[in-house]
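Visitor: build the 3D model from these lines:
(2 chains)
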Amino acid sequence: MGLRLPRVGTAQIGALALILAANWVVSPQFFDIRLQDGRLFGSLIDVLNRGAPVALLSLGMVLVIAMRGIDLSVGAVMAISGAIAASLADSHSLPVVLAAALGAGLLCGLWNGFLVAVLGIQPIVATLILMVAGRGIAQLITEGRIVTFTSPDLAFLGGGSVLGVPTPIVLALAMLALTLAVVRGTALGLMIEASGGNPRASALAGIGTKLITLAVYVWSGLCAALAGIVAAADILGADANNAGLWLELDAILAVVIGGTSLFGGRFSIILAVVGALIIQAMNTGILLSGLPPETNLVVKAVVVLAVLLAQSPRLGTHLAGLGVLLGLRKA
Amino acid sequence: MPLTDDAPLLSLAGFSKSFAGFVALDRVDFTLRAGEIHALLGENGAGKSTLIKTMTGVVTRDAGTMRLQGAEIAPRSAEEAVKAGIATVYQEVNLAPNLSVAQNLFLGRQPTWFGLVREREMRRRAAALLTEFGLAIDVGAPLESYSVAIQHIVAIARAVDQSARVLILDEPTASLDAHEVEVLFAVLRQLKARGIGIVFVTHFLDQVYAVCDRITVLRNGRLAGTAPIADLPRLDLVRLMLGRELSEATAKRPPHVEGAARAAVATFAAFGKEGQVAPFDLTLRAGHVVGLAGLLGSGRTETVRLVFGAEKADCGTAEVDGRRVAIGSPREAMRLRFGYCPEERKTEGIVADLTVRENIVLALQAQRGALAPLPRREQDEIAARFIRLLDIRPPDPERPIGLLSGGNQQKALLARWLATSPRLLILDEPTRGIDVGAHAEIIALIRSLCAEGMALLVVSSELEEIVTYADEVIVLRDRAHVARLTGNAVDVPAILAAIADAPAAPAAAHA
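Guide: Reported below is the predicted structural model:
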């Protein structure tokens, strides 16, 4: 594991710019934004709007990964919170609905954190439990049906807008600001980076690594619950089988694209969100280009590989080695 | 064979290397004869590691030529160096601890039969190979089930078996006790008799005089001198390494002040933990240094970990300022204003990715809690103050600490604890693996902290050092405190006698 100088994020921001430019090439109206019925519309807005759930997930995931952990359960937590929100939406007021759905996310986070921090179970196994069980819990809540609702209050969180900006974007930005304030506004960020970088040294320096571990899983649960609410509000219903399906992988990808190592330590919250936007910009671009959507996954894989290579400090050496292999050795 | 032959086995001429403007090696020449053990010495940052890495192709050199038995070679990787006949064994054994000894010996070159590993043949050869090194062990057992010394010998056997002409040992003895060092030396002498040239990097001067034939000293990336061992007495050697007179500070023991009059900071009675260290009594006083001496594994580190709460004691009592306290975790110890620099700097001390500044403020920040972040300006001030005070180099607070030399990492860790203004500071091997200059500075620091009224508890294997600063030395053996020396009774022969006093303990092999 090499030592890294503080990253500046040129690779990620460059990649996002390139993909947006490519989107503009395949779809010249890509950057057109228009105001209609007091809400902004356009492909760029769409990228932000569709990217909001994964961006929300990545806000929690980046902290978990910085602590050398991983949270595979976020997709399932989205399904649980979405199911709760959709089931309660027509019978309870919005604050109650939100409290119940977010509370469920908090409990899920506590459960994961308990397994990892207190029982010492490997994070990938510990969160796999809820990844599998969570979808079952969500189905129990919806009684195996797709629950729909009509409450305009909840629907506003998915389809509404604030000063023209779609609500999911506003929620994601608010959560980003809150995460930054909690993590970087306090010494928590330093403590997470220290604990993830060297847990034993950090514990000996008096850092409460267990409590921090618990806290990051709780935060991840909360972010996932919010993402689940947004997703349910967007489709005016909850589908326990499909809500948030495989999104944990997109969230992990977003964090990794954002330059945070799976070995823990240094992390960047903002670049994780940029990572989420890179993923969504690709999805949108492929749809716009008219390429068959089936190619989406392959294109995604290629772009991800390119971004990761661009970040690698060893790329230069490898390229040189490749040159030797192809040129000098053959000759 | 060729002990009489004076033609060099390996000769380097004009080796140079710069890293981003910093000259790490400046036209260094080096020759190694067949059948000699050649000590390569120098302070941290003198260029030893760079010289070794450029010799073995791990780092590409900027200039210089290298001849092995007269033929010019230019390995581009450690693998090519091994093929050419130059093998390296590092301080941290680079083998797979979970594989068997035999598998480690033949990893990547297993005897095969139509692609299948011939396990029995491999074991037979492994056993035969190790017999040459005087080891009769079960080669089917995992490597990690053996002591570090045996792991080192396995690594050496593997290296010698692969190439067998030049063997480079980078601080092989850093984690060995006196007996294990003797075992290793016996192996080295045997390899020497077989005509292998050995480059031996170490910080222990005793060992240089015990086993080496010639010495080459590097200083600030340049060749400071090279001489047969007989022509270079110890004082001259140290002078060559430091380029200055060793300060008198480290040599003489200051007049002793009776400790009983001082205020007790912490008192431990019948304190201990099953399987770690037998119950002991210990009183730590302001302005008083207690040294813990003993062989590796004698319970020194275990004792200090109990005192700091890194392990929870299962019997006995602790009192601080006359009040009974429970020390169940490092956090609780820190609330009592204890500090602890652990022995394992890399795994328990530094956070390599974080900057020097972040590493320095870590404990203070933990003490204040996450919700009371130190303002950046205050962090900068603290880092700048300690970088100046302890002369941490390079003096750049924003450099990842993993890029600093061992001595400077150690100073930054001391700074981490000094920033919390502790009343009791626990230092576990504060001078291990760091250069002679930093040794003297850290000893001077221990003295000045003590003079300011801090209580200190210091674990050290360097008996000559410990007697110069300790007011009281506790000797440990087989996980128990066995002797307590105070005042004028503190001297090296007395400590050695106490360590060697048991039937089981080997007589310490101190020159």
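Visitor: give me the mean pLDDT for stretch A:136-151.
Guide: Mean pLDDT, computed over stretch A:136-151, is 94.
Visitor: ok, and what's touching it?
Guide: Taking CB atoms under 8 Å, 6 or more residues apart in numbering or on different chains as the criterion, the residues outside stretch A:136-151 that touch it are A:76, A:79-80, A:82-84, A:86-87, A:89-90, A:94, A:97, A:155, A:236-241, A:243. For glycine as for every other residue, the C-beta is placed from the backbone atoms N, C-alpha and C.
Visitor: try 10 Å this time
Guide: A:76-94, A:97, A:104, A:108, A:130, A:155, A:228, A:232-233, A:235-244 (CB atoms under 10 Å, 6 or more residues apart in numbering or on different chains).
Visitor: output the set of residues of the stretch 1-150 of chain B in proximity to chain A.
Guide: By the criterion of CB under 10 Å from any CB of the partner chain, the positions of the stretch 1-150 of chain B lying close to chain A are B:R76.
Visitor: what about the strands in the stretch 1-150 of chain B?
Guide: Counting by DSSP state E, counting those that start in this stretch, the stretch 1-150 of chain B has these strands, from start to end: B:8-19, B:22-33, B:37-41, B:63-68, B:71-72, B:86-89, B:112-113, B:116-117.
Visitor: repeat for the stretch 251-400 of chain B
Guide: B:264-273, B:277-285, B:289-293, B:315-320, B:323-325, B:338-341.
Visitor: export those strands to a markdown table and tack on mean pLDDT?
Guide: Converted to a markdown table, the strands of the stretch 251-400 of chain B look like this (pLDDT from 0 to 100):
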| stretch | mean pLDDT |
| --- | --- |
| strand B:264-273 | 94 |
| strand B:277-285 | 94 |
| strand B:289-293 | 94 |
| strand B:315-320 | 94 |
| strand B:323-325 | 93 |
| strand B:338-341 | 96 |
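Visitor: closest to chain A out of these?
Guide: Relative to chain A, the nearest member of the strands of the stretch 251-400 of chain B by CB to the nearest CB is strand B:338-341, separated by 6.4 Å.
Visitor: quick one: list the elements packing against the closest one.
Guide: In this structure, strand B:338-341 packs against helix B:300-308, helix B:330-335, helix B:406-418, strand B:424-428, strand B:455-459, with contacts taken as 3 or more CB pairs under 10 Å, 6 or more residues apart in numbering or on different chains; DSSP states H and E.
Visitor: relative to it, what are the paired strands and their orientations?
Guide: Based on DSSP bridges, the strands next to strand B:338-341 in the sheet, each with its direction, are strand B:424-428 (parallel).
Visitor: how far off centre is the next helix or strand after the partner strand?
Guide: Using DSSP states H and E, the helix or strand that follows strand B:424-428 towards the C-terminus is helix B:436-451. On the basis of CA atoms, centre = their mean, to the nearest Å, helix B:436-451 is displaced by 17 Å from the centre of the chain it belongs to.
Visitor: which parts of helix B:436-451 are buried?
Guide: Going by neighbour count (16 or more other CB atoms under 10 Å in any protein chain shown), the buried part of helix B:436-451 is B:436-443, B:445-447, B:449-450.
Visitor: hey, which helix or strand in chain B has the poorest pLDDT?
Guide: Scoring the helices and strands of chain B by mean pLDDT, DSSP states H and E places helix B:234-242 at the bottom, with a mean of 75.
Visitor: helices and strands around that one, which ones?
Guide: Other elements packing on helix B:234-242 under the criterion 3+ CB pairs under 10 Å, 6+ apart are strand B:37-41, helix B:205-211, strand B:214-219, strand B:222-228, helix B:436-451.
Visitor: how far off strand B:8-19 does the fourth one point, in degrees?
Guide: Put simply, strand B:222-228 runs at 160 degrees to strand B:8-19, going by axes from the mean of the first three to the mean of the last three CA atoms, to 10 degrees.
Visitor: kindly calculate the angle that strand B:222-228 makes with strand B:22-33.
Guide: With the same axes, to 10 degrees defining the directions, strand B:222-228 sits at 20 degrees from strand B:22-33.
Visitor: same question for strand B:222-228, mean pLDDT?
Guide: The average pLDDT for strand B:222-228 rounds to 92.
Visitor: cool, the second one as well?
Guide: Model confidence over helix B:205-211, given as mean pLDDT, is 85.
Visitor: do the same with the longest one
Guide: If you average the pLDDT over helix B:436-451, you get 86.
Visitor: cool, and stretch A:47-66?
Guide: For stretch A:47-66, mean pLDDT is 97.
Visitor: stretch B:160-173 now?
Guide: Mean pLDDT, stretch B:160-173: 84.
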